[in-house]
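Novice: Provide a 3D model corresponding to the input given below.
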Amino acid sequence: MQNCKAMEGLKPVLVMVVVQSLFAGMNVLYKLVANDGINFRILIAYRMVFAAAFMTPLALVFEIRKSWTNLTWTVLFQSFLTGLFGGTVAQNLYIESLAKTSATYSVAIFNLVPAITFILSTSLRMEKLAIRTHAGKAKVVGTILGIGGAMLFTFYKGFQINIWSTNVNLLRHYGDKNNHAQAPSSANKGSILLGSGMALGSCTSFAIWLIIQAKMNKRYPYLYSSTALMAFMGSVQSVAFSICMDRDWKQWKLGWNIQLLAMSYSGILNSGIAVTLMAWCVKKGGPVFVASFQPLLLVMVAVAGSLLLDEKLHLGSVLGGLLIVSGLYMVLWGKSKEMKNQITPLPVPASLQCQDEHQSPTIEVITSSSMEDMNHINDRNVTNN
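Specialist: Here you go, the predicted model:
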């Protein structure tokens with residue numbers, strides 16, 4: 001019985017590890033298509049379209065009977081907000097921040113998502129701070145450790161560490177066709193400040209999506225349908241935004257290349273399956289639980305880069321990864337402690353409580369045969385009287 005409960009508690013953790021693995025694969029593909037020369041605004045638009053095309057049939061097959069009757073204007077408005085903050089705004093601001101600053105800088109700022117989510121959740125009373133308890137302290141310290149580890153991972157290199165060597169570099173197959181897709185190293189202070197604001201806005205938008213998703217799960221607990229609605233709303237918004245910004249129709253043409261793979265992968269696996277899994281984890285553990293796994297993406301991307309892109313690991317990567325894993329463990333420990341404290345035992349009726357702690361209550365069981373004997377005794381008493 002205890003093993004079953006332990007496995008049930010581990011499910012959200014394992015699901016979030018799978019989600020971050022899917023996002024790590026997306027980051028590798030994004031590096032490849034950036035080197036191949038792609039318009040990322042159009043990639044995001046196609047990504048949301050692929051997600052809507054994939055999730056809509058699943059919602060129609062598995063949830064149409066229940067979800068359709070509970071579909072209200074409030075749910076549609078929440079779907080519009082999830083598509084806006086979780087899809088269009090968060091992704092486009094993140095890509096614009098890459099162009100204004102650097103990939104390293106934007107990734108470092110994006111690891112502020114756990115802190116922003118924690119602040120928003122406590123402000124809206126969706127998460128209890130409980131700083132005086134061990135669970136509350138563990139969550140705060142774990143969040144700080146995760147952010148600190150991500151910053152150390154990003155800004156400190158140290159000496160190179162050769163753990164393995166696969167001699168695989170997928171970037172060799174694609175020439176550098178779009179040098180400006182890489183972040184400019186000689187960016188002025190104005191662009192760096194603007195890019196930092198965009199990266200911070202992307203973090204805030206992603207955190208707001210987690211909050212709205214938690215609210216939507218209570219009102220509309222149909223994961224396939226909610227993800228399909230989010231993808232549909234996000235696709236309409238992203239396509240409209242991309243058309244306004246880029247009117248060169250040649251860039252919208254699809255071909256059988258790495259760009260199509262990146263669009264379909266990020267749409268089906270990330271904006272479709274991964275978002276559905278994240279919505280389920282938000283339902284199980286809350287927004288802060290999901291956001292606490294964000295720094296783990298850095299470690300997975302570093303491992304995938306070293307295996308597939310011939311990128312080198314450094315001392316800062318190892319030390320930062322250890323801090324990230326330690327912080328994540330503390331947050332998970334604090335959440336599990338809170339969930340145990342929320343489970344209170346049922347009150348025992350006073351009639352069943354014994355005066356003597358070592359004495360068990362006696363319960364008299366009346367059977368049908370004993371009832372017949374009592375009736376015979378009563379009949380005899382009546383006849384004698």
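Novice: low-confidence ranges in the stretch 151-300 of the chain?
Specialist: 163-190 (pLDDT under 70).
Novice: Equivalent analysis for the stretch 1-150 of the chain, please.
Specialist: Where the stretch 1-150 of the chain drops into low confidence, which here means pLDDT under 70, it does so at 1-7, 101-106.
Novice: all helices of it, in order?
Specialist: Along the stretch 1-150 of the chain, counting by DSSP state H, counting those that start in this stretch, helices occupy 2-36, 40-62, 64-69, 73-83, 90-100, 103-110, 113-123, 134-155.
Novice: Just give the number of residues close to the nearest residue to residue 87 once chain neighbours are set aside.
Specialist: Closest residue to residue 87 in three dimensions, ignoring its sequence neighbours and counting by CB to CB, 6 or more residues apart in numbering: residue 234, at 3.0 Å. Placement of C-beta: from N, CA and C, glycine included. By other CB atoms under 10 Å, the residues close to residue 234 number 31.
Novice: Residue 234: what's it in contact with?
Specialist: Residue 234 is in contact with 48, 51-52, 82-84, 86-88, 271, counting by CB atoms under 8 Å, 6 or more residues apart in numbering.
Novice: Can you list the buried residues in stretch 49-60?
Specialist: Buried residues in stretch 49-60, counting neighbours by 16 or more other CB atoms under 10 Å, are found at 49-56, 58-59.
Novice: nope, stretch 235-242 is what I was after
Specialist: Of the residues in stretch 235-242, those scored as buried under the neighbour-count criterion (16+ other CB under 10 Å) are 235-239, 241-242.
Novice: what do you get for stretch 82-89?
Specialist: Buried residues in stretch 82-89, counting neighbours by 16+ other CB under 10 Å, are found at 82-89.
Novice: buried residues in stretch 296-312?
Specialist: By neighbour count with 16+ other CB under 10 Å, stretch 296-312 contains the buried residues 296-306, 308-309, 311.
Novice: Could I get the residues you listed in TSV, plus columns for secondary structure and distance to residue 65?
Specialist: Putting the buried residues of stretch 296-312 into TSV (DSSP: H, G, I helix; E, B strand; the rest coil; distance: CB to CB, whole Å) gives the following:
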residue	secondary structure	distance to residue 65
296	helix	37
297	helix	37
298	helix	42
299	helix	42
300	helix	38
301	helix	41
302	helix	45
303	helix	43
304	helix	41
305	helix	45
306	helix	48
308	helix	43
309	strand	46
311	coil	49
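Novice: Which one of those is nearest to residue 283?
Specialist: Of all those, the one with the least separation from residue 283 (CB to CB) is residue 296, at 20.2 Å.
Novice: Give the full set of residues in contact with that closest one.
Specialist: Residue 296 is in contact with 17, 20, 324-325, 328, counting by CB under 8 Å, 6+ apart.
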